[in-house]
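sequence and predicted structure below; questions after.
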Amino acid sequence: MPQVKPGIATTILMPEPAGEGFVEISPNKTLFIQKLTYDDPIKPEIVEDLQKIEDVFAYFKPAVEVELDKEDGSTTGETFQFAGLGDFDPKNLTNQSAFLKNLNLEYDAYLKVIKQLKSNKTLANVIQNPETKAAFISALKSLVSELEEK
């Protein structure tokens, strides 16, 4: 019978006398292996005494530079730094980037408008009639220009 030896997020099964050992990842885990920095190592490095994933992140300090596309077709550069597995969460990535924060605010505003369009019957009636729709758009445009002036 194989012996169970715990590892970081895995269970390592020791080989039986007649077979080879293998690493089994539990069903609720995902193994993700990727280079997290653009710096190439000069030679392979063995680092001992890294007991936790946080220790690995603290030692290697992974960071990646990305180009994000804007609406006008231009790009903006961002650098994302990772101090733990939680930094890969979309919310945490958004918090590291002013550009992504702005996009997220716009997305939330659009969702609110869609919700209003679906639930506000008066607004839906205004938009269905071409004349009232044109008047409503005109009022919004003048509001935008008034806000831009101030």
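That came through, no problem. Small disclaimer: the values here were computed from a predicted structure and weren't measured.

mind listing what's buried in the helix or strand hosting Asn104?
Using DSSP states H and E, Asn104 maps to helix 98-119. Neighbour counts over helix 98-119 (16 or more other CB atoms under 10 Å) mark Leu100 as buried. The way it works is simple: take the backbone N, C-alpha and C, and place the C-beta from them, glycine included.

any idea how far that helix is from the chain center?
17 Å (CA atoms, centre = their mean, to the nearest Å).

elements contacting that helix?
For helix 98-119, the elements it packs on are strand 75-81, helix 90-95, helix 121-128, judged by 3 or more CB pairs under 8 Å, 6 or more residues apart in numbering; DSSP states H and E.

mind putting the ones you listed into TSV with mean neighbour count?
As requested, the helices and strands packed on helix 98-119 are exported to TSV (neighbours: other CB atoms under 10 Å):
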stretch	mean neighbour count
strand 75-81	13
helix 90-95	12
helix 121-128	11
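
okay if I get the ones you listed as JSON lines plus mean pLDDT and distance to Leu50?
Converted to JSON lines, the helices and strands packed on helix 98-119 look like this (pLDDT from 0 to 100; distance: least, CB to CB, whole Å):
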{"stretch": "strand 75-81", "mean pLDDT": "91", "distance to Leu50": "18"}
{"stretch": "helix 90-95", "mean pLDDT": "92", "distance to Leu50": "22"}
{"stretch": "helix 121-128", "mean pLDDT": "86", "distance to Leu50": "58"}
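
which residues does the helix holding Asn104 contact?
With contact meaning CB atoms under 8 Å, 6 or more residues apart in numbering, helix 98-119 is reached by Leu68, Lys70, Thr76, Glu78, Leu93, Thr94, Asn95, Leu123, Ala124, Ile127.

now do that helix against helix 121-128, angle only.
100 degrees (axes from the mean of the first three to the mean of the last three CA atoms, to 10 degrees).

relative orientation of helix 98-119 and strand 75-81 in degrees?
Interaxial angle, helix 98-119 versus strand 75-81 (the same axes, to 10 degrees): 110 degrees.

ok so, going back, could you export the helices and strands packed on helix 98-119 as TSV, including distance to Tyr110?
Output for these, formatted as TSV (distance: least, CB to CB, whole Å):
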stretch	distance to Tyr110
strand 75-81	21
helix 90-95	16
helix 121-128	15
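
mind checking those for the one nearest to Val64?
Checking the helices and strands packed on helix 98-119 against Val64 by CB to CB gives strand 75-81 as the closest, at 5.4 Å.
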